Each structure stands twice: as structure tokens, then as C-alpha cells.
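K.L.:
Got a sequence here, can you model it:
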Amino acid sequence: MPSIFKIAPLALAASLVTPGASAQAQDQVVRIGVSGPLSGANAFAGKDNENGVRLAVEELNAQKLKAGGKLLRFELVSEDDQGDPKAGVNVAQKLADAGVKFVLGPYNSGVAIPASRVYNEAGMLMSTVGTNPKITQSRYPNVFRIVASDNQVGGSMAAYAARELKIKTVGVIDDRTAFGQGIAEEFAKQARASGLNVAGREFTNDKASDFAAILTAFRAKKVDAIFFGGYAPQGAPMARQMKQLGMANVRLLGGDTLCSPEMAKLGGDAVGDKVLCAQAGAMLDKQPGGPGFKQRYKQRFQREPDVYAPAFYDQTMFIAQAIKSTNTVDPAAVSKALHTMNYQGVAGTYGYDANGNLKKTAVTVYTFKNGALAPLASY
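P.N.:
Next comes the predicted model:
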């Protein structure tokens with residue numbers, strides 16, 4: 001008899017926890033990986049991208065979606081690729097080994113190009129904001145570019161410079177990254193096609209802080225504008241040095257990476273209406289879901305979203321919709337669905353061609369007023 005009384009409480013305890021454990025076992029865990037720079041000069045962008053995915057994951061779990069008869073439980077797995085190609089490849093392998101099937105990122109084109117091969121070989125779905133056209137030229141079926149490419153962004157900035165700003169002579173600088181070179185090349189190509197005189201092509205690197213020699217050379221050529229293919233941590237001091245060198249009336253033009261609050265934060269009063277950038281997507285505030293997203297993001301993270309948080313959020317939601325539509329978490333099936341479906345996100349409408357590029361996307365040109373982005377025109 002004593003032995004019976006000893007066993008009974010254990011049996012009772014087991015009966016109490018079994019239903020919950022069984023329910024948990026029935027959950028289908030969907031790991032959403034994020035690859036981006038969480039350290040270094042562009043950590044602000046990496047964290048912003050991660051926050052976009054985090055917000056989506058939290059909202060999806062609240063929706064209690066199902067696929068294959070199981071409740072879906074989304075988990076965020078974020079890794080620091082340092083904005084470095086070698087580290088990005090290591091992160092890709094690490095995420096593959098962890099059983100992650102869906103990855104948002106990388107942020108940098110130079111990381112996305114080699115990492116895409118790893119993700120493709122592992123059968124994983126990769127969604128990047130890397131804008132270099134080479135990323136999708138391999139035509140990997142599971143690779144998607146969730147924003148406009150360099151030829152769209154760089155081309156739009158060149159067209160705006162020619163038509164609206166009446167620029168005649170422009171100098172071009174790039175930071176020798178895959179992103180910087182790609183967007184500078186597309187800008188220069190479109191600038192020449194639009195009748196602009198490209199006075200010269202110079203280069204720096206993504207760790208530089210002194211641009212006096214390059215800027216002085218362009219000042220001697222009497223350029224009306226300088227296009228910089230690179231990131232905000234170099235763009236901001238470049239704007240400051242242009243002002244110091246008496247080039248306050250020379251416009252500094254750039255792509256989406258200059259459309260960041262970090263520009264004004266680092267550049268101070270040198271970042272004003274003479275600094276213009278082109279960013280993929282329509283004006284967020286003009287989109288039906290844009291203001292609501294900004295409000296939820298700020299409430300959750302106590303800060304405004306940066307450049308790509310809306311796109312990372314949207315693509316995570318689009319992947320979830322494709323999972324629900326196909327009733328499976330198989331990346332290959334989800335990828336096929338993404339190629340055929342359309343999704344209305346907070347930043348615009350998403351739909352992909354056979355190469356994984358957006359079928360249609362707007363590009364918006366911005367300037368800075370009182371330290372904040374101010375839209376000028378959408379193409």
C-alpha cells in the first residue's frame with residue numbers, strides 16, 4: 001500500500017502536464033532567420049531590419065495561424081554577419097545547421113551575393129534588400145530581392161537630377177563595396193543617358209572618414225553635384241566636409257542607404273536640403289498601412305523605423321501568407337507561391353518575377369528638413 005501512495009501523486013502530476021505537453025508537441029515551429037550587421041558602423045541598420053522581423057513574428061504568433069493541421073509558432077533567430085562577406089557565408093551555414101528555412105537578409109549586397117549560394121544549396125528561402133543586380137542574376141528559385149535594384153534606384157536619382165534639379169556636371173564616388181559600385185555605375189550610366197556630364201569617377205572605402213582630396217578635385221572641376229555610392233557612416237562626414245570646403249551649394253546625391261536618420265544624426269546641419277537620396281518604395285506615410293506600422297513600431301521599440309524595417313516586416317508577413325496558402329512550411333513550395341501571389345504590405349504591393357525581383361516598385365526621392373526625411377517625388 002505505501003508504494004501505491006508514492007506513485008499516485010506522480011501519476012496525477014503526469015496527467016496534469018500531459019495535455020499541455022501534447023499541445024506543445026503539436027506546434028509547428030517556423031524559425032525565421034535574420035542576417036545583418038549587428039555590430040560595426042551599420043549596426044543601426046541591422047538592428048532596424050531585425051526589429052521589422054521581430055514585430056512581424058510577434059504579430060503572427062498572436063494570430064495563431066495553422067498549416068498542415070498544426071499551430072504555427074514563429075521564432076526569430078538573428079545572427080550578426082558584420083556586413084562582411086566571409087562572416088555572412090558562415091552565418092548562412094550556421095542558420096542552415098540550425099534548421100532555419102526562411103532568412104531575411106543579408107542587408108549588404110557584398111554579403112548577399114556569396115551567401116545566396118549557401119542558402120540555395122541548403123534549400124532555404126532568402127529575402128534580401130541587397131540591391132546589386134548580380135544577386136538575382138543566378139536565378140536561384142528561392143532568392144528574392146524585396147526592394148528595387150540598383151538600376152531602378154540609381155536610374156531614378158539620375159533622372160531626377162537631370163529633369164528636376166537641372167544638374168549639368170556631376171562627380172561620382174563609390175566605396176568599393178558591391179552595393180556602392182553597383183549603384184554608382186547605374187547612376188553614371190543613366191546620368192550620361194540623361195545628358196549629364198560625368199566629370200569623373202573616384203573611389204574610397206567603407207571605413208574611410210577623410211574625403212578632402214576627392215572633394216577638392218571635384219571642386220576644381222566645378223561640379224553641380226556629387227553622387228556617392230555608399231553608406232550613411234561615410235555619407236554624413238562627406239556632407240560635413242563638402243560644407244567645410246566651401247561646397248555648400250553642391251548637392252550630395254545617394255541611394256537608399258543615405259535615406260537614413262543616421263545621416264542627420266552624424267552629419268548635423270550639413271545634412272539638409274542639399275542632400276538627396278533615392279529609396280525603394282512609395283512614401284510610407286501615403287500607404288494605407290504605413291502610419292499604423294510606424295505607430296506600432298515606435299510603441300514596441302521606442303524609436304522611429306529606419307529605411308528597411310517596413311520591407312523586412314512585409315516580407316515576413318508575405319512568407320506567412322504563402323505558408324498559409326500552401327498549407328506547408330516547405331521552402332520550395334512557399335517560394336513557388338511567392339512567385340505567383342501578390343501581397344499588399346505596409347510599404348506597397350509585393351509580387352515577384354521569375355528571377356525573384358519585384359515586378360513593380362516605386363522609387364521615392366527624398367531630401368532632409370530639420371533632420372528628418374522629406375519626400376520630393378515618386379517614380
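
K.L.:
pLDDT value on the residue lying closest to F44 once chain neighbours are set aside, please?
P.N.:
With C-beta to C-beta, 6 or more residues apart in numbering as the criterion, F44 has its nearest non-adjacent residue at 5.4 Å, and that residue is E262. The C-beta positions use only the backbone N, C-alpha and C, and glycine is treated the same way. You'll see E262 listed with a pLDDT of 92.

K.L.:
which residues does the nearest residue to G351 once chain neighbours are set aside contact?
P.N.:
Spatial nearest neighbour of G351, chain neighbours left out: N342 (4.2 Å); criterion: C-beta to C-beta, 6+ apart. Contacts for N342 (C-beta atoms under 8 Å, 6 or more residues apart in numbering) come out as T349, Y350, G351.

K.L.:
The first one and D285, how far apart?
P.N.:
Pointing back at T349 there. 17 Å (C-beta to C-beta, to the nearest Å).

K.L.:
related to what we said a few turns ago, V307: which of the contacts of N342 is nearest?
P.N.:
Nearest to V307 among the contacts of N342, counting by C-beta to C-beta, is Y350 at 16.8 Å.

K.L.:
Burial check on the closest one, number of neighbours?
P.N.:
Y350 is flanked by 23 other residues according to other C-beta atoms under 10 Å.

K.L.:
swap in G110?
P.N.:
Using other C-beta under 10 Å, G110 has 23 neighbouring residues.

K.L.:
so for the helix or strand harbouring it, what's the average pLDDT?
P.N.:
Counting by DSSP states H and E, the element that carries G110 is helix 109-121. The average of the pLDDT scores along helix 109-121 is 97.

K.L.:
got the CA positions of that helix in CSV?
P.N.:
This file holds the C-alpha atoms of helix 109-121, laid out as CSV (Å, rounded to 0.1, in the frame of the first residue of the first chain):
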residue,chain,number,x,y,z
SER,A,109,24.9,43.3,-51.4
GLY,A,110,28.5,42.1,-50.9
VAL,A,111,27.3,39.7,-48.3
ALA,A,112,24.2,38.6,-50.1
ILE,A,113,26.0,37.6,-53.3
PRO,A,114,28.1,34.8,-51.8
ALA,A,115,25.6,33.9,-49.1
SER,A,116,22.9,33.3,-51.7
ARG,A,117,24.8,30.2,-52.9
VAL,A,118,24.8,28.7,-49.5
TYR,A,119,21.1,29.3,-48.9
ASN,A,120,20.3,27.9,-52.4
GLU,A,121,22.3,24.7,-51.8
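
K.L.:
got the buried residues for it?
P.N.:
Buried residues in helix 109-121, defined by neighbour count with 16 or more other C-beta atoms under 10 Å: S109, G110, V111, A112, I113, A115, S116, V118, Y119, N120.

K.L.:
biggest separation within those, which pair?
P.N.:
G110 and N120 (17.3 Å).

K.L.:
would you list every one of the helices in the protein?
P.N.:
Under the criterion DSSP state H, the chain contains helices at 2-26, 43-63, 85-97, 109-121, 134-137, 150-163, 178-193, 212-220, 232-244, 261-267, 290-301, 309-326, 331-340.

K.L.:
Which pLDDT value belongs to D27?
P.N.:
According to the model, D27 scores 89 on pLDDT.

K.L.:
what do you get for T361?
P.N.:
84.

K.L.:
how far away is it from F74?
P.N.:
26 Å.

K.L.:
can you check G371 too?
P.N.:
Taking C-beta to C-beta, one finds G371 at 35 Å from F74.

K.L.:
Neighbour count: those two, which is higher?
P.N.:
F74 (23 against 14).

K.L.:
While we're on that one, how confident is the model there?
P.N.:
Listed pLDDT for F74 reads 98.

K.L.:
dump the residue contacts of the nearest residue to it once chain neighbours are set aside.
P.N.:
Among residues not flanking F74 along the chain, V57 sits closest, at 4.5 Å (C-beta to C-beta, 6+ apart). Neighbouring residues of V57 by C-beta under 8 Å, 6+ apart: I32, F74, E75, L76, T316.

K.L.:
residues near the third one, how many?
P.N.:
I take that to be E75. 12.

K.L.:
Test my guess that it contacts V30.
P.N.:
Yes - using C-beta atoms under 8 Å, E75 is in contact with V30, at 7.1 Å.

K.L.:
so where is this structure shaky, pLDDT-wise?
P.N.:
Scanning the chain for pLDDT under 70 picks out the ranges 1-25.

K.L.:
D174 pairs with what?
P.N.:
Taking DSSP bridges as the rule, D174 bridges to F203, G229.

K.L.:
so how far is G195 from it?
P.N.:
In this view, D174 and G195 are 22 Å apart by C-beta to C-beta.

K.L.:
Tell me which of these two has more neighbours.
P.N.:
D174 (24 against 10).

K.L.:
The residue nearest to A158 when sequence neighbours are not counted: neighbour count?
P.N.:
Once flanking residues are discounted, A158 sits nearest to Q190: 3.7 Å by C-beta to C-beta, 6+ apart. With neighbours defined by other C-beta under 10 Å, the count for Q190 comes to 19.

K.L.:
Please apply the same query to A98.
P.N.:
When neighbours are counted by other C-beta under 10 Å, A98 registers 11.

K.L.:
ok, the residue nearest to A158 - contacts?
P.N.:
By C-beta under 8 Å, 6+ apart, the neighbours of Q190 are N151, G154, G155, A158, A159.

K.L.:
do you know how far the nearest residue to the first one once chain neighbours are set aside is from F227?
P.N.:
Spelled out, that is N151. Nearest residue to N151 in three dimensions, chain neighbours excluded: E186, at 4.6 Å (C-beta to C-beta, 6+ apart). Distance, E186 to F227, using C-beta to C-beta: 10 Å.
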